[in-house]
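Asks: Compute the structure for the input listed below.
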Amino acid sequence: MEHKFVRIDFEEGQEAKKAILESEIKVLNSLKFFKNYKKYRKTEFTLKRNLRTSARKALTQINQFNNSLPETEETEKVRQEIKRTRQNKNKKIEFELEDIRKRLAEIK
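Replies: Alright, predicted model coming up:
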């Protein structure tokens, strides 16, 4: 196999070396960024898991506390009011969805 060579000026060689070194810097910075990203994602996952566990424990304690309270007529009224509020929110969302669908149909 025959080797062929290309002559490069000194300035072109310096520019090529500079470009290669700058590329290496960019690659290393990207690698550093990716390693930090992985570390932060792992930390985020751990924090979310801990938060979820704490929220579950708090909810369990709240439910236990509510169950230990005596039942009264006021309690039943509050439960019914909460139920009505939830139903109204669901109806409101459905109404908004229907309104958006109508507007989309008008545009088409």
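
Asks: Point to the helix or strand of this protein where mean pLDDT is at its lowest.
Replies: Counting by mean pLDDT, DSSP states H and E, the weakest-scoring helix or strand in the chain turns out to be helix 73-107, with a mean of 84.

Asks: which of the residues in that one are buried?
Replies: Residues of helix 73-107 classed as buried by neighbour count (16 or more other CB atoms under 10 Å): none. Using the backbone N, CA and C atoms, a C-beta is placed for each residue, glycine as well.

Asks: Work out the gap between it and the centre of the chain.
Replies: In terms of CA atoms, centre = their mean, to the nearest Å, the centre of helix 73-107 is set 27 Å apart from its chain centre.

Asks: elements contacting that helix?
Replies: Judged by 3 or more CB pairs under 8 Å, 6 or more residues apart in numbering; DSSP states H and E, helix 73-107 has no packing partners among the helices and strands.

Asks: Could you pick out the longest helix of this protein?
Replies: In terms of residue count, the longest helix belonging to the chain (DSSP state H) is helix 10-68.

Asks: Can you name every helix or strand that it contacts?
Replies: Using 3+ CB pairs under 8 Å, 6+ apart as the contact test, no helix or strand touches helix 10-68.

Asks: how does the chain divide into domains?
Replies: Under the assignment named as automatic domain parsing, the residue ranges that make up the domains of the chain are 1-69, 72-108.
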